[in-house]
Structure formats: C-alpha cells, structure tokens
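In: Test case, fold it:
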Amino acid sequence: MKKVIANIHHTYLPNDPNGVHRFPVLYGRFDFITLCEKIDGSLSGQTKGIYCFFDRGCRIAKIKNPLFKKMSYGLYKHLRNDFYKKYLLTNKVSLIHAHFGSVGAEMAAIAKGLDIPIVVTFYGVDVSRFIRQRRWVRQYKRMFELNGRFIVLCDEAKKRLERVGCPPSKIRVADCPNDLRCFPYMERKPKKNIKILIGARFIEKKGYPVLFQSISILIKSGKDVRLTMIGYGSKSQRGLLEENIKELNLSDRVTIVDTSHGNIDFVKVFKENSGTHDIFIMPSITAKDGDDEGGPSLTLIDAQAAGMPVIATRFPGSERSVIDGKTGLYCEMNDSISLAEKINYLIENPDMWNILGRNASLFVNENFSIEKEAEKLVSIYEELI
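Out: Numbering: from 1, shown residues only. From the prediction side, this is the model:
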C-alpha cells in the first residue's frame, strides 16, 4: 500500500504551475491529499482528496469585519487545526509537506502532536521578508526542532535558514518540479516589431515598473516593441500597474493577460505566448519590505526551455539557470536604463537570439527536468518515512 502524503497550503491554486497535482510521476510512488484554508480558482473536477476548511469549516472563516476576525483568530486557528487533524488521521497520513515556511510553522504543533514528520518548502517571501520578523524567526526555530526536512531553492536561501537556526543537515536545495516538455525548443526569427514577454505575479518584487520604464525608453529611441504581461494578483495590485502603464502612455503597447482566480490556465497561456514572442524578461528586485525571489523563476526557466533569449536581474537563484552571455543576459537590478540597453543589444544583434536560446534550452532541460526534480523530492520524502 502506498504511503499518504498531505500537501498543506494556505490557499490552494488549482492552476498553480508548481502544484503537485500537475506531476503524475509522483503518484506512482505515493498517494496524496491536499489540505487548505481556501481555494482560489476552479477545481475542474479535481475534488478527490482535497479538503478545504473555508468550505467545510465554521462561519468564523467567512467573517468580514476585520476587528471581529482578529478577536476570533485564536478560535479560528483552533477549529482549523482540528479540521486538519481529522483528515490527517482519517487518511492515515505518513508525512506532511507544507508549502511556504509560514504554513510549516503553523503546522509544527500538529506535526509534533501527531508524531508525523514534516517537509517544508520555502519559496521566497518566507525566506526573505519573514526572516526579518522576530515572531516568524521564533516559530521557525520551533519548527526546525521537528523530525523534518526544509527545502530551499538556492544556496542563498540555504544560508539564510542557517543564519536563523536551521541545522544544515536538515536543509535540502531542490527545485519545484517543472514539466519542461510543455515548452519545446523553437528557433527564433528576428523581425522589426519585437514582442517582449514576462510571466510573473503582479507584485512589487517582480520589477514591473522598471520594465515599463525600459519599454518607454526603447519606444522613444524609435524601437517598435510591445509587451505582454501574463500574471495574477489582486485587483489593487493590477490597478497600480495599469496606472503606471497609462502614466507612461504605454496602453497601446502593453497587453495584460490576467490568470487570477482560475479563469485562465497560466501554464497553457504562457506556453502559447512563449511560442509567439521574441524576448523574455525577468527584472526582479528586492521589495521595500525585503521580499525577494528566493530561488529560480519557473517562467524564466520555461522561456529558456522554449529557446527564448532571456534577460534577468541577479536575484537569489537566478544563477541556477542564467549564465551571463551563454544562457541569457543580466541587467542591473532596479535600473531601467540597464534593462533597456540589454534589450536593445538583442534587437541590434539578432544572431545572439538562437545562440542564447539553444544553449539555455539544453542547459535547463539537463538540470531542471521533471524526472530529476521528482526523484529529489522522492528521496527527501524517503529520508523521513
């Protein structure tokens, strides 16, 4: 009989390109259930083994009044934890896999009480902004005492966890399973009207305003460039970006494809656009509150697999896939002039497109294959169960 692993999310995204449900190779080794507080998007028939507290829990989960909700949070957590315990026990779960350090910290007491080992994957904000906050560091330290393994996506994130007290022997550097077969290599044919692509959430650390400024610089210099943004986020986050676009008079040059709330499949639409666009940009920055990437960008790797020439900033984890001048180009962080110069370099040197694209595709397919990453995850699980 297969052992059961419980994936724990705060918010479960059925269309999340990192979701375990997208990687059937893992199902040959284990059975999985998903526990979450809420679901953002349509399940489209994926209901087996998914248990959502918001749907099946108590009315406190639906309280709108912020003050009353804060007063009731202790009761909310108690009821949520009881809900989780119920399904962990009834499904005879052998291992908990918490997604985000904050979720792992909140699951620590449950894991300890039920004597279930835990794996926690850190994705970015949880190993950047959160480790600047004492309350999270205290909770992390208690979590590090458990029978567990803590997955980070790059060496810088590993160093950060070590600095806040995680034993190095419990840290593993791995990557999110990513099916690069969805992004077959295509040669690029340079043309006068350049189509630029970015795939990223609508949040500060993704560096959208820097990209908009660089597009404006290029247009003023006479370049025919257009930008497609594929991403998701709140209405307020998208609204800020739309205001910025209007201020720069770029409304006719920028297309926003919003995959929020499961209306559009992110992976599907990103795949389609990676085949029709010319250059991929990932201008990530460190946000004012300290939030940064904390690991390689999956959309950057996908674009490289598809043979797109890419330009990125040197964010933590970028070095995992971008070798400057070989598999991509670097620009300076938070510097629209530097980014515009790199884009212009590719426009003026179209012979570099397929050199960078071919090198990158070979590199990421060798180092980020779904089979290789799934085996890493299996080995981590098997260390504990």
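
In: Is it correct that Y185 is in contact with R358?
Out: Yes. The pair Y185 / R358 is scored as a contact, 7.2 Å apart, by CB atoms under 8 Å. C-beta: built from backbone N, CA, C; applies to glycine.

In: anything in contact with each of the two?
Out: G307 (CB atoms under 8 Å, 6 or more residues apart in numbering).

In: Show me what counts as buried in stretch 313-326.
Out: Of all the residues in stretch 313-326, those buried under the rule 16 or more other CB atoms under 10 Å are 313, 315-322.

In: And the helices in the protein?
Out: 53-56, 66-71, 73-90, 101-114, 134-144, 155-163, 208-220, 235-247, 266-274, 298-305, 336-348, 351-367, 370-384 (DSSP state H).

In: ok so, going back, identify, from the buried residues of stretch 313-326, the entry nearest to V164.
Out: P316 (15.4 Å; CB to CB).

In: now that closest one: how far from P117?
Out: Using CB to CB, to the nearest Å, one obtains 27 Å as the distance from P316 to P117.

In: Please apply the same query to H97.
Out: 10 Å.

In: Can you pick out the residue with more neighbours from these two?
Out: Remark: of H97 and P117, H97 carries more neighbours, 27 against 17, as counted by other CB atoms under 10 Å.

In: which residues pair with the closest residue to that one other than its chain neighbours across the strands?
Out: Of all residues not flanking H97 in the chain, V119 sits nearest, at 4.6 Å (CB to CB, 6 or more residues apart in numbering). Beta-bridge pairing of V119 under DSSP bridges involves H97, R149.

In: isn't V119 right up against L384?
Out: Yes. Between V119 and L384 there is a contact at 7.0 Å, judged by CB under 8 Å.

In: between those two, who's got more neighbours?
Out: Legend: neighbour count by other CB under 10 Å for V119 and L384, higher for V119 (23 against 15).

In: which residues touch the more buried one?
Out: By CB under 8 Å, 6+ apart, V119 lies in contact with 95-98, 148-151, 380-381, 384.

In: F183 versus T313, what's the distance?
Out: T313 is 22 Å from F183, by CB to CB.

In: Which pLDDT value goes with the closest residue to M186 other than its chain neighbours?
Out: In space, and not counting its chain neighbours, M186 is closest to G307: 5.0 Å by CB to CB, 6+ apart. Predicted confidence (pLDDT) for G307: 97.

In: number of nearby residues for S221?
Out: Neighbours around S221, by other CB under 10 Å: 11.

In: any low-confidence regions in this structure?
Out: Counting by pLDDT under 70, the chain shows low-confidence ranges at 15-27, 41-47, 55-71, 261-263.

In: Identify the structural domains in it and state their residue ranges.
Out: Using automatic domain parsing, the domains assigned to the chain come out as 4-178+369-384, 180-367.
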